[in-house]
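Asker: below: sequence and its predicted model.
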Amino acid sequence: MRLLIDTVTFIWALESPDRISRKGKAALEHPEAEREMSSISLSEIAIKNAIGKLGLSQEDARIGIEDLQVRILPYTSRHAMRLFGLPLHHADPFDRQIVAQALSENIPVVTSDEKFSLYKGLRVIW
């Protein structure tokens, strides 16, 4: 089963796995789980690192991707087109893009962000 890992879930998986819910951990550790993370999440990590809001380096992210066996899901124009008409439940552009991507790909998102649950048709695991 494909799973889209939200940015904060990825960071917690690396830095404080105990913050991930039991249900989230079970999904991520399932033997048939195909863990994916949006290229948008990498952009978010890089930008927040550059402005001093996050201490996760490029090397940390690379090692985390490798250790967690995460595939990076490219963000395409099809995903961006899904933003048209997407309700404004989030002001955060990174989250909105991840929602649009998950809806386009029809895959659940592993996230603690309760606002994700407001999007019709989006399955959230937490």
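Answerer: Cool, the structure landed.
Asker: every contact and neighbour count from this point should use C-alpha atoms.
Answerer: Fine.
Asker: quick one: Leu28 from Val110, how far?
Answerer: Leu28 sits 8 Å away from Val110, going by C-alpha to C-alpha, to the nearest Å.
Asker: mind checking which of the two has more residues around it?
Answerer: Ranked by neighbour count (other C-alpha atoms under 10 Å), Leu28 and Val110 place Val110 first, with 29 against 24.
Asker: need the contact list for the more buried one.
Answerer: By C-alpha atoms under 8 Å, 6 or more residues apart in numbering, the contact set of Val110 is 3-6, 9, 24, 124-126.
Asker: can I get the helix or strand hosting Ile98 as PDB, trimmed to CA atoms?
Answerer: Using DSSP states H and E, Ile98 sits within helix 93-105. C-alpha atoms of helix 93-105 as PDB (Å, rounded to 0.1, in the frame of the first residue of the first chain):
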ATOM      1  CA  PRO A  93       1.300  26.400   0.600                       C
ATOM      2  CA  PHE A  94       3.500  23.300   1.300                       C
ATOM      3  CA  ASP A  95       0.600  21.500   3.000                       C
ATOM      4  CA  ARG A  96      -1.800  22.500   0.200                       C
ATOM      5  CA  GLN A  97       0.500  21.000  -2.400                       C
ATOM      6  CA  ILE A  98       0.900  17.800  -0.500                       C
ATOM      7  CA  VAL A  99      -2.900  17.500  -0.200                       C
ATOM      8  CA  ALA A 100      -3.300  18.100  -3.900                       C
ATOM      9  CA  GLN A 101      -0.700  15.500  -4.700                       C
ATOM     10  CA  ALA A 102      -2.200  12.900  -2.400                       C
ATOM     11  CA  LEU A 103      -5.700  13.500  -3.900                       C
ATOM     12  CA  SER A 104      -4.300  13.300  -7.400                       C
ATOM     13  CA  GLU A 105      -2.500  10.100  -6.600                       C
END
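Asker: residues contacting it, please?
Answerer: By C-alpha under 8 Å, 6+ apart, helix 93-105 touches 4, 6, 38, 40-41, 44, 75, 78-80, 82-83, 86, 90, 108-109, 116, 119, 121-122.
Asker: and the strands in the protein?
Answerer: Assigned by DSSP state E, the strands in the chain fall at 2-5, 34-38, 71-73, 109-110, 124-125.
Asker: highest mean neighbour count out of the ones you listed?
Answerer: Burial of the strands of the chain is given as mean neighbour count (mean count of other C-alpha atoms under 10 Å); strand 109-110 ranks first at a mean of 28.
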